[in-house]
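A.B. asks: Quick one, what's the 3D model for this:
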Amino acid sequence: MMGRTGPFQWGDVVQLTGPKQKLYTIVLTEGKRFGTQHGAVPHADFVGLDDGSLVTVGEAAYLAIRPLLHDYVMSMPRGAAIIYPKDAAHILGFADIHPDLTVVEAGVGSGALSLWLLRALHGTGRLVSFERREEFRDVAEANVSGFFGERPANWETVLGDLAEELDEHVADGEADRVLLDMLAPWECVDATARALRPGGLVLCYVATVTQLSRTVEAIRADGRFTAPKSTETLVRGWHVEGLAVRPDHRMVAHTGFLMTARRVADGVDLPSFRRRAAKADFADADIEAWTPGALGDRQPSDKRARRARRDAQRQADAIAAGSATPTERDALERQDESAPQID
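C.D. replies: Numbers count the residues shown, from 1 in each chain. Model (predicted):
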């Protein structure tokens with residue numbers, strides 16, 4: 001179970017950092033052993049150790065530490081692409097996610113953003129997550145249950161289209177936040193406006209400039225929102241050793257655009273606060289020709305989604321029960337090259 005503190009216990013998720021910064025994730029399970037080319041140690045050797053201890057495997061030292069949510073998200077099984085931690089952090093900040101809110105998200109994907117939202121809600125309020133594909137929903141549910149050790153009571157997942165089914169699960173004016181991570185968020189503007197309470201916020205996460213343009217124009221044309229604001233987040237690490245200080249050769253650059261707007265009260269004809277309004281000289285056909293749908297959107301294969309669903313459920317079951325079979329070794333002790341390095 002994630003979120004524990006103190007010495008390691010059975011069922012804990014432990015991240016191991018070994019020689020050459022290789023990372024492994026295990027679930028402490030009675031009767032199991034952790035093994036590499038350097039040797040093997042029983043999981044029982046970890047139980048009782050303080051978080052952040054060294055464990056000797058053969059002649060090699062491994063740092064054993066509980067992974068942060070960031071680490072868990074980057075290494076968990078994926079059916080669909082995830083929202084990276086750099087974007088999730090800005091979503092929590094720009095959308096002002098805090099306890100007692102009613103939050104709607106679509107689509108749920110592999111559950112990465114759901115984890116951040118549920119952590120911020122802290123067991124209060126309500127999170128309603130919409131997903132069109134059943135296999136993605138199953139992956140997300142397993143990943144979320146694996147992190148918390150159980151399914152959060154304030155989380156509801158809906159298999160279906162938000163634009164068609166939102167009013168069946170969230171009453172008009174009940175939602176505080178609506179977060180849209182989908183191919184065509186402009187199709188959900190009307191449903192979003194009806195669900196949001198006055199002062200509520202809509203946030204859209206899109207990958208391309210054409211998606212961003214069409215979403216912004218749809219929000220402006222609706223008339224029930226403030227002027228949308230659009231941002232992009234880039235993260236560049238730095239190499240720091242003595243006087244050798246320089247930017248890293250690699251960086252996490254573009255992943256997506258964030259667009260936010262606030263819901264105004266019904267009947268309000270919002271004036272333009274800009275010095276001079278720009279003329280929107282385009283037609284719907286101009287934008288449609290360059291949307292991902294027109295160009296051919298890439299979708300994860302069914303085989304990949306099924307494998308991710310199996311891996312996520314296997315991991316969640318192991319964390320919840322504190323036990324695993326030998327066949328689960330590859331799924332639970334996989335190397336994660338994308339997790340943060342530890343010096």
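
A.B. asks: What separation do you get for residue 111 and residue 76?
C.D. replies: Look at residue 111 and residue 76: by CB to CB, to the nearest Å, they are 8 Å apart. For the C-beta atoms, the positions are set from N, CA and C on the backbone; glycine is no exception.

A.B. asks: Can you work out which residues contact both of those two?
C.D. replies: Overlap of the contact sets of residue 111 and residue 76 (by CB atoms under 8 Å, 6 or more residues apart in numbering) consists of residue 143.

A.B. asks: Look at those two and report which has more neighbours.
C.D. replies: Using other CB atoms under 10 Å, the more surrounded residue of residue 111 and residue 76 is residue 111, with 33 against 26.

A.B. asks: May I have the helix or strand hosting residue 220 exported as PDB, CA atoms only?
C.D. replies: Using DSSP states H and E, residue 220 sits in helix 209-222. Included here for helix 209-222 are C-alpha records, laid out as PDB according to Å, rounded to 0.1, in the frame of the first residue of the first chain:
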ATOM      1  CA  VAL A 209      -2.100  23.600 -31.800                       C
ATOM      2  CA  THR A 210      -5.100  22.900 -34.000                       C
ATOM      3  CA  GLN A 211      -6.900  21.200 -31.200                       C
ATOM      4  CA  LEU A 212      -6.000  24.200 -29.000                       C
ATOM      5  CA  SER A 213      -7.300  26.700 -31.500                       C
ATOM      6  CA  ARG A 214     -10.600  24.900 -32.100                       C
ATOM      7  CA  THR A 215     -11.200  24.400 -28.300                       C
ATOM      8  CA  VAL A 216     -10.500  28.100 -27.500                       C
ATOM      9  CA  GLU A 217     -12.800  29.300 -30.300                       C
ATOM     10  CA  ALA A 218     -15.600  27.000 -29.100                       C
ATOM     11  CA  ILE A 219     -15.200  28.300 -25.500                       C
ATOM     12  CA  ARG A 220     -15.300  31.900 -26.800                       C
ATOM     13  CA  ALA A 221     -18.300  31.300 -29.000                       C
ATOM     14  CA  ASP A 222     -20.300  29.700 -26.200                       C
END
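
A.B. asks: so when I look at residue 64, I'm seeing a helix, right?
C.D. replies: No - counting by DSSP: H, G, I helix; E, B strand; the rest coil, residue 64 is not part of a helix but strand.

A.B. asks: Now do stretch 138-150, average pLDDT.
C.D. replies: Across stretch 138-150, the average pLDDT comes to 92.
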